[in-house]
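Q: How does the following fold in three dimensions:
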Amino acid sequence: MPKGNPKSICIIGCGYISGIHIEAYLGYREAIELCLCDTDLEKARSVGDEYGIQRYFQDYGEVLEREDIEMMDICLPNFLHQEAAVAALNAGKHVLLEKPIAVDLTGADAIVAAERASTGKFMVAESDRFVEATAKMDALIKEGAIGQVFWMQGNAFNTFKPSGWRLSNIRLTGYAAATRNQCMPDFTGILTRRWRARIRLS
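A: Coordinates of the predicted model:
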């Protein structure tokens with residue numbers, strides 16, 4: 001069972017977002033062993049060649065059984081989050097899960113329940129919480145510098161062209177289906193958590 005900081009991490013899913021995660025881990029390359037998992041083994045090998053990672057899996061079920069892999073970084077499409085995260089937590093793995101946590105509240109509740117019963121740690125990769133501008137806005141609101149928030153409008157601009165599963169409303173669901181953006185709901189929710197502010201997202 002994992003204890004402390006994980007030393008071996010498997011990235012599950014080798015699509016666009018996995019490269020961003022890998023680049024973050026490379027700064028700790030001497031302390032962390034990385035491996036990759038994708039149903040398309042050639043894609044995993046291609047990503048591995050790009051970043052110098054030489055260990056691959058085709059089925060994350062294999063990763064669940066490996067005691068030497070302490071953490072799973074799940075970069076799968078939204079509609080696969082619940083199944084993979086619950087399985088990983090049930091296996092006692094630490095889990096970093098790409099946003100959103102799940103496609104509906106039932107899925108999110110299932111993951112939270114699995115985390116409470118697991119020896120592993122769990123986190124959703126809501127990276128905007130750690131952006132300097134977000135922290136500054138949060139501090140100003142807490143200080144009362146701008147008063148009570150009654151209205152917030154957020155505009156999101158994607159820097160990549162959605163493709164594949166991201167073009168399916170059924171697989172995205174909810175707000176992400178309407179805008180193809182998965183950061184804004186958490187970002188605005190954090191800043192307005194003290195009040196029932198009216199939020200407009202576009």
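Q: Mind splitting this protein into its structural domains?
A: Structural domains assigned to the chain are 8-125, 132-201, following automatic domain parsing.
Q: and the ones you listed, which one's lowest on average pLDDT?
A: Of all the domains of the chain, mean pLDDT reaches its minimum on domain 132-201 (a mean of 64).
Q: what separates residue 146 from residue 133, distance-wise?
A: 14 Å (Cβ to Cβ, to the nearest Å). C-betas here are computed from N, CA, C, even on glycine.
Q: tally of neighbours for residue 92?
A: Residue 92 has 14 neighbouring residues, counting by other Cβ atoms under 10 Å.
Q: and if you look at residue 136?
A: 10.
Q: what pLDDT does residue 126 get?
A: At residue 126, the model reports a pLDDT of 82.
Q: wouldn't it be in contact with residue 99 here?
A: Yes - at 5.5 Å, residue 126 counts as touching residue 99 under the criterion of Cβ atoms under 8 Å.
Q: Now do the phi/psi pair for the most centrally placed residue in the chain.
A: Nearest to the centroid of the C-alpha atoms of the chain, with distances taken as Cα atoms, centre = their mean, sits residue 98, at 1.4 Å. The phi and psi torsions at residue 98 (degrees, to the nearest 10) take the values phi -60, psi 150.
Q: so residue 72, which of the three states?
A: With DSSP: H, G, I helix; E, B strand; the rest coil as the basis, residue 72 sits in strand.
Q: so what does the helix or strand harbouring residue 88 touch, helix or strand wise?
A: Using DSSP states H and E, residue 88 sits in helix 81-90. Under the contact definition 3 or more Cβ pairs under 8 Å, 6 or more residues apart in numbering; DSSP states H and E, helix 81-90 sits against helix 60-65, strand 71-74, strand 94-98, helix 105-117.
Q: Out of the ones you listed, flag the one nearest residue 8.
A: Proximity to residue 8, assessed across those by Cβ to Cβ, is greatest for strand 71-74 (7.1 Å).
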